[in-house]
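Asker: sequence first, predicted model second:
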Amino acid sequence: MSETRNTRRSLQGTVVSDGMEQTITVRVERRYKHPLYGKYIRSHKKYMAHDADNSALVGDVVDIVACRPMSKLKRWRLTGVVTKAFQEGGQA
């Protein structure tokens, strides 16, 4: 019998805040078609994600995955940085 365990929901978004300790705020944008007019609409939602080693910075594109509740608002965990944002101080 094949089980479908650990098929957790994963999202990709942009880091908009990294000011907290071991926590980032990720803005996930989605596009959907209006049911009557057919125009594509962009909407977004912000998620708090656990970043254990503070590796993600503002502007990075990251992958997050659903996990157990870690605090009042944190229900997501950082799995990896897809694209690093260019930083002003000469570091990439």
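Answerer: Received it, and whenever you're ready, just let me know what you need.

Asker: who touches stretch 76-92?
Answerer: Contact partners of stretch 76-92, identified using Cβ atoms under 8 Å, 6 or more residues apart in numbering, comprise 10-12, 15, 24, 26, 47-52, 55-67, 70. (Each C-beta comes from the backbone N, C-alpha and C, glycine too.)

Asker: model confidence over that stretch, on average?
Answerer: Average pLDDT, stretch 76-92: 82.

Asker: now that stretch: buried residues?
Answerer: Using 16 or more other Cβ atoms under 10 Å as the test for burial, stretch 76-92 gives 76-78, 81.

Asker: do the same with stretch 14-22
Answerer: For stretch 14-22, by 16+ other Cβ under 10 Å, it's 14-15, 18.

Asker: quick one: buried ones out of the contacts of stretch 76-92?
Answerer: 11, 15, 24, 26, 47-51, 56-57, 60, 62-64.

Asker: hmm, Arg30 and Ser43 touching each other?
Answerer: Yes: Ser43 is within contact range of Arg30, at 5.9 Å (criterion: Cβ atoms under 8 Å).

Asker: can you list the low-confidence ranges for this protein?
Answerer: Filtered on pLDDT under 70, the chain yields the residue ranges 1-4, 88-92.

Asker: could you rerun that using 80?
Answerer: For the chain, residues meeting the criterion pLDDT under 80 lie at 1-6, 87-92.

Asker: now the strands for it?
Answerer: According to DSSP state E, the chain carries its strands in the segments 10-20, 23-33, 40-50, 61-66, 74-83.

Asker: output the contacting helices and strands for the first one.
Answerer: Secondary structure elements in contact with strand 10-20, counted by 3 or more Cβ pairs under 8 Å, 6 or more residues apart in numbering; DSSP states H and E, are strand 23-33, strand 40-50, strand 61-66, strand 74-83.

Asker: could you check the angle strand 74-83 makes with it?
Answerer: Angle of strand 10-20 versus strand 74-83, following axes from the mean of the first three to the mean of the last three Cα atoms, to 10 degrees, is 100 degrees.
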